[in-house]
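Q: Pasted the sequence and its predicted model underneath.
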Amino acid sequence: ARAAAYGPLLPEPVLAVATSDTTVAAIVDSGRGRQVVLLAREPTQPLIWNRWPDEAARHPADGPAVRRHAADVDDVLSEYDLSEADRETPDFEQLLDDEGVDEKPRAPKSRADEPPLAPRTLAGSAGEIWLGSTRGVWAVDTTALGHRWRPRGLSDRAVSHVAVGADNEGHTVVAAISGDVVWMTNDGGANWTPAGVLTSAARALAVAPGAALLLVATEDGLWAMGPHRQPWRLEGGADDDVVTCGRQVVALGGGTLRIFSATLEGEPFIVTGVPARAVRCPDGGDGPWIGLGAAGLISRDGGRSWRAVGEGALEITAARVDGAELWLGTPRGLFAGVAERLARPPAEFSAPPARDRLDIDEEDLLRRRIAQPPPWLGYVPRVSVLASVDAGDGQRTVRTMMLVTIPLQRAPRMARAPLASELAMEVTRRRVSAVARVTDRAQLELRAVETLAETPP
């Protein structure tokens, strides 16, 4: 089926993309540093909910000092029927901590040494977007008004990777990596459990089908682990990426793709010569697989064969395939491709705009001579004309102004009017050529996104 492409929906370089049922999230490299942009999941009418973190969230002020008085300590002694001799014991110090009491005033918490809040990685579930940052894990409930980011644990740690999956009962399981420790939670971040300790730097993280295991691609191979199982290495050698594609586990390293079964048993199916640094595929496994890299790749047969898109000139830095929608991050911005065979009912989705008809012999049209003006036009004073054309959903804009001074007499100088018009047309033609050069790259990317989003007949 044919597809329509839209973009760039965001004009900044895109580093990561994730989706929920109603929202698209993208980490962009903006003029204010890295930010997460939340957009409504509607390519034809992109609406930006918010950009986060702002300056206040990135550099929060120090918290106020909390003073505790000796009277509070005396109250604890009396409540637990303790003597003055117990005041100096380690157990009593622990009791004061448990009760939130300290005999000495607490020093204010300083954040001067903390790193600024910056997003690093994204993952999406049905109703939430999860974020790993320099200050722990955050999440936004995309079903609630306001789209506010809230901390979800590991707040005193820098989180480099986040992944989301679902167990066999449909409960959301979230995994995160901080330093060399892999964490997981199944209660929305209220409690985090260590799943394993890594022996080398992590490069990618995934939740296995059924969420019984976590998978980590590291510099020394692909590892599997869980809260009740010791980590074990599935394969040696450096791996660049690991993802789940439906009921399969896919690992990529050194241009070699390995496709495992959901149980990780048996030998993987191996595909060599895949020049990508990462792979993105639909959660359900039905749809195109995208290879991230300087020359973006696509596979329509479950990773068995690959080809370059966009004439090999489309760099893809992030991707998300979800239903009939394809969201692509590039150095030029965020693009969306939508197949005509939509996942949502047509009534809920706006029709794509008409194609840019200005691309059809536009220069030939602008080179045509203007007809000789009639004699009565000599009585008309100066005429100012502002012409404007917008076509192709904002892809092409042409504007020009023409000033013609016509004397109030029937003079032979009337013959000069076509010369002035031709000059104005030549200026317009040159402006159109300049606009065409600027937009050629964007049109190439849009055509590539259309190709990626097309589904086989």
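A: Received it, and whenever you're ready, just let me know what you need.

Q: So for Ala126, what's the nearest residue that isn't a sequence neighbour?
A: Counting by CB to CB, 6 or more residues apart in numbering, Asp21 is the residue found nearest to Ala126 once chain neighbours are left out, at 5.3 Å. C-beta here means a position set from N, CA and C on the backbone, and glycine is covered the same way.

Q: All the helices of this structure, in order from the start?
A: 55-58, 70-79, 90-99, 362-367, 416-453 (DSSP state H).

Q: The ones you listed: lowest mean pLDDT?
A: Lowest mean pLDDT within these: helix 362-367, at a mean of 44.

Q: Which strand residues bridge Leu292?
A: Under DSSP bridges, the beta-bridge partners of Leu292 are Ala278.

Q: swap that for Val36, sorry
A: Ile27, Trp52.

Q: Give me the pLDDT value at it.
A: The model's pLDDT for Val36 equals 94.

Q: Next: Ala387.
A: pLDDT, Ala387: 56.

Q: same thing with Asp359?
A: Each residue has a pLDDT score; the one for Asp359 is 40.

Q: Any idea which helix or strand in this structure has the lowest mean pLDDT?
A: helix 362-367 (a mean of 44; mean pLDDT, DSSP states H and E).

Q: ok, back up a step: from what I can see the residue nearest to Ala126 touches Glu128, true?
A: No: contact between Asp21 and Glu128 fails when scored by CB atoms under 8 Å: they sit 9.7 Å apart.

Q: Need the residues touching each of those two.
A: Thr142 (CB atoms under 8 Å, 6 or more residues apart in numbering).

Q: okay, these two: which has more neighbours?
A: For the pair Asp21 and Glu128, the greater number of neighbours falls to Glu128 (22 against 13), based on other CB atoms under 10 Å.

Q: show me where pLDDT drops low in the protein?
A: For the chain, the stretches flagged by pLDDT under 70 are 1-3, 56-71, 85, 87-88, 90-91, 98, 100-114, 285, 340-446, 451-457.

Q: which residues touch the spatially closest residue to Ser299 that is not a sequence neighbour?
A: Closest residue to Ser299 apart from its sequence neighbours, by CB to CB, 6+ apart: Trp289 at 4.3 Å. With contact taken as CB under 8 Å, 6+ apart, Trp289 is in contact with Cys245, Val279, Arg280, Cys281, Ile298, Ser299, Arg300, Gly302, Gly303, Val321.

Q: mind listing what's buried in stretch 249-268?
A: For stretch 249-268, burial by neighbour count (16 or more other CB atoms under 10 Å) applies to Val249, Val250, Ala251, Leu252, Gly253, Thr256, Leu257, Arg258, Ile259, Phe260, Leu264, Pro268.

Q: so of those residues, which ones are in strands?
A: With DSSP state E as the criterion, strands contain Val249, Val250, Ala251, Leu252, Gly253, Thr256, Leu257, Arg258, Ile259, Phe260 from among the buried residues of stretch 249-268.

Q: biggest separation within those, which pair?
A: Spatial extent of these (CB to CB) is set by the pair Val249 and Thr256 at 14.6 Å.

Q: And Gly188, how close does it get to Ala208?
A: Distance check for Gly188 against Ala208: by CB to CB, to the nearest Å, it reads 20 Å.

Q: Could you check stretch 237-245 and say which residues are buried?
A: Across stretch 237-245, burial judged by 16+ other CB under 10 Å covers Asp239, Asp240, Asp241, Val242, Val243, Thr244, Cys245.

Q: and which of the contacts of Trp289 is nearest Leu222?
A: Using CB to CB, these come closest to Leu222 at Val279, 13.5 Å.

Q: Make sure the closest one is actually in contact with Gly296.
A: No: assessed by CB under 8 Å, Val279 is found out of contact with Gly296, at 11.4 Å.

Q: who touches both of the two?
A: With CB under 8 Å, 6+ apart, Val279 and Gly296 have common neighbours Ile290.

Q: if you go through the stretch 101-250 of the chain in chain order, where are the strands?
A: Using DSSP state E, counting those that start in this stretch, the strands of the stretch 101-250 of the chain run over 119-124, 128-133, 136-141, 149-151, 161-166, 172-178, 181-185, 193-197, 202-207, 214-218, 221-226, 229-235, 241-245, 248-253.

Q: just to revisit the earlier point, turn the buried residues of stretch 237-245 into TSV, including distance to Leu213.
A: Below are the buried residues of stretch 237-245 laid out as TSV (distance: CB to CB, whole Å):
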residue	distance to Leu213
Asp239	16
Asp240	20
Asp241	17
Val242	11
Val243	14
Thr244	11
Cys245	16
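
Q: Can you list the buried residues in stretch 129-148?
A: 129-142, 147.

Q: out of the strands of the stretch 101-250 of the chain, nearest to Ala25?
A: Here strand 128-133 is closest among those (CB to CB), at 4.5 Å.

Q: Between strand 161-166 and that closest one, find me the angle.
A: 160 degrees (axes from the mean of the first three to the mean of the last three CA atoms, to 10 degrees).

Q: Could you list the paired strands of strand 128-133 along with their orientation?
A: Sheet pairing of strand 128-133 (DSSP bridges) gives strand 119-124 (antiparallel), strand 136-141 (antiparallel).
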